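A.B. asks: got a predicted model here, sequence first, then my questions.
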Amino acid sequence: MLRLPSFTYRQPRSVREALDAKRDAGPHGMYVAGGTDLYPNMKRRQQEPTTVISLMGIPELRTTEGRKDGRGMMAVGAGMTLTELSVLPSVRRFYSAVSHAAEAVSTPLLRNMGTLGGNLCLDTRCNYYDQSYEWRKAIDFCMKKDGAICWVAPSSPRCWAVSSSDIAPVAVAIGAELLLVGPGGERVVPAARLYENDGINYLAKQPDEILVEVRLPAPDGWDAVYAKLRRRGSFDFPVLGVAAWVRWDGRRVAEARVVLGGVASRPQEVPEAAAALAGTTLAADAIAAAAEAAYRPAKPLDNTDFDLSWRKQMTRVYVTRALEELGRRRAG
Ligand SMILES: Cc1cc2nc3c(=O)[nH]c(=O)nc-3n(C[C@H](O)[C@H](O)[C@H](O)COP(=O)(O)OP(=O)(O)OC[C@H]3O[C@@H](n4cnc5c(N)ncnc54)[C@H](O)[C@@H]3O)c2cc1C
Ligand code: SF4
């Protein structure tokens, strides 16, 4: 059995106290929410904080009622569990892609513990990294932790570990905004700007910044869906996630976004696919053009489940399914 190392556990009651705890802990302190990602990583010594600062006792992160700002956005606390998020009536009604992505995460037990913020800040994944310490030691580790080389692309100067969050591609596709609070104050960033295409430095936020809330755009004339490919439908991480968003102008697509999860170190937007949809009625030829456009830049590597060429082929299939679903909903 893998055991957690010993560590200091802090339970702040406010964002301010959490920031102070992180300042006191320095670079060896990490925030934890549900712990469904961090604790397994600590057991495998992939992440080794000596102080763990829980965010679960902070009321600002536990908003269970959406509230509207001046632009009609709905703010959801980052500390809401995935179960809470997926059953919230306002989210189910106006943001079904978000509730569907939350429901698609792993198992009920993990959704009861795992949070929205933890899902958006999830560590990137790789077959050579998500292993026990002894396993990783046997291959002399890798660049992401304790080693020097990338086993997926040995001549590469960077790590290609994969963004495997279900909600992140949806957040990017619908244009969600994130409230980050750090020692110097707060800032609001578009979800797309939270991510870097780098398996090690995959988040653009500072380590001491706390994701406090996620702001969902007003539901005014747009729709979005999420389609997920994984081996076991009741359990597994996505090896491909497709989030598709369209803003309708009558029966035509005024604007679109297609974002792929599980194919890069960040959710990957495909502007060419969006361009293929603009001005169309989402007829079969437009969907086929968008699926083809999404297929080309999708470059999965051999570091997650399934054969990589098959995963790439599946991009066409899942983009098609997602867009067909949007078309069916519009037709009514
Ligand atoms: C068996 C198994 C299957 C899984 N399957 C899936 C799946 O299918 N899809 C999927 O998306 N995920 C999956 N996960 C991963 C994980 O359970 C979820 O992503 C979950 O939502 C993570 O949330 P958490 O609150 O538990 O994160 P934690 O483990 O608490 O934190 C994860 C990371 O985010 C940081 N963090 C957390 N909250 C904040 C915040 N508010 N501000 C700043 N930083 C923060 C932590 O410091 C840590 O680095 C799976 C995990 C396991 C063990
Ligand atoms: S992509 Fe390479 S460096 Fe990154 S975790 Fe995998 S093997 Fe390690």
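C.D. replies: Here it is on my side, so go on. Ligands and ions are numbered 1, 2, ... in the order given.

A.B. asks: next, count neighbours for residue 15.
C.D. replies: Look at residue 15: counted by other Cβ atoms under 10 Å, it has 18 neighbours. (Glycine included, C-beta is placed from N, CA and C.)

A.B. asks: and stretch 229-245, anywhere near ligand 1?
C.D. replies: Yes - against ligand 1, stretch 229-245 shows contacts by Cβ under 6 Å from any ligand atom at 236-238.

A.B. asks: can you give me the neighbour number for residue 331?
C.D. replies: 9.

A.B. asks: where do the helices sit along the chain?
C.D. replies: According to DSSP state H, the chain carries its helices in the segments 15-25, 38-43, 82-87, 89-94, 96-103, 108-113, 116-120, 133-138, 167-174, 271-277, 284-295, 308-331.

A.B. asks: out of those helices, nearest to residue 230?
C.D. replies: The closest of those to residue 230 is helix 308-331. By Cβ to Cβ, the value is 10.8 Å.

A.B. asks: who touches residue 49 in this structure?
C.D. replies: 7, 25, 28-30, 38, 42 (Cβ atoms under 8 Å, 6 or more residues apart in numbering).

A.B. asks: try it again at 6 Å.
C.D. replies: 28-30 (Cβ atoms under 6 Å, 6 or more residues apart in numbering).

A.B. asks: write the ChimeraX selection for whichever of these are buried.
C.D. replies: Under the burial definition 16 or more other Cβ atoms under 10 Å, those of these that qualify are selected in ChimeraX by:
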select :29,30
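
A.B. asks: out of the contacts of residue 49, which comes closest to ligand 1?
C.D. replies: Nearest to ligand 1 among those: residue 30, at 4.8 Å, using Cβ to the nearest ligand atom.

A.B. asks: gap between the closest one and residue 87?
C.D. replies: Going from residue 30 to residue 87 by Cβ to Cβ, to the nearest Å gives 29 Å.

A.B. asks: same deal with residue 98?
C.D. replies: 12 Å.

A.B. asks: can you check residue 73 too?
C.D. replies: If you go by Cβ to Cβ, the gap between residue 73 and residue 87 works out to 21 Å.

A.B. asks: tell me which of those two has more neighbours.
C.D. replies: residue 73 (20 against 13).

A.B. asks: beta partners of the residue nearest to the more buried one when sequence neighbours are not counted?
C.D. replies: Counting by Cβ to Cβ, 6 or more residues apart in numbering, the nearest residue to residue 73 once its immediate chain neighbours are dropped is residue 215, at 4.4 Å. In this structure, residue 215 bridges to residue 75, residue 177 when assessed by DSSP bridges.

A.B. asks: closest to residue 46 out of the contacts of residue 49?
C.D. replies: residue 30 (11.8 Å).

A.B. asks: whatever residue of the stretch 101-250 of the chain ends up closest to ligand 1 and residue 308: what is the separation?
C.D. replies: Across the stretch 101-250 of the chain, the shortest distance to ligand 1 (Cβ to the nearest ligand atom) belongs to residue 118, at 2.1 Å. Plainly put, residue 118 is 27 Å away from residue 308 if you go by Cβ to Cβ.

A.B. asks: now residue 97
C.D. replies: The gap separating residue 97 from residue 308 is 26 Å, by Cβ to Cβ.

A.B. asks: quick one, which of these two is more surrounded?
C.D. replies: Applying other Cβ under 10 Å to residue 97 and residue 308 shows that residue 97 carries more neighbours, namely 25 against 15.

A.B. asks: go ahead and confirm the more buried one touches residue 169.
C.D. replies: No - using Cβ atoms under 6 Å, residue 97 is not in contact with residue 169, being 9.4 Å away.

A.B. asks: anything in contact with each of the two?
C.D. replies: Shared contacts of residue 97 and residue 169, defined by Cβ under 6 Å, 6+ apart, are absent.

A.B. asks: which residues of the chain lie near ligand 2?
C.D. replies: So far as Cβ under 6 Å from any ligand atom goes, the chain lies against ligand 2 at 126, 128-129, 142-144, 150-152, 159-161, 199, 303.

A.B. asks: how about the residues of the stretch 201-332 of the chain that lie near ligand 1?
C.D. replies: Within the stretch 201-332 of the chain, the positions lying close to ligand 1 (Cβ under 6 Å from any ligand atom) are 210-211, 236-238.

A.B. asks: make CSV out of those residues and add pLDDT and neighbour count.
C.D. replies: Formatted as CSV, these follow (pLDDT from 0 to 100; neighbours: other Cβ atoms under 10 Å):
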residue, pLDDT, neighbour count
210, 98, 27
211, 98, 26
236, 92, 17
237, 94, 21
238, 94, 28
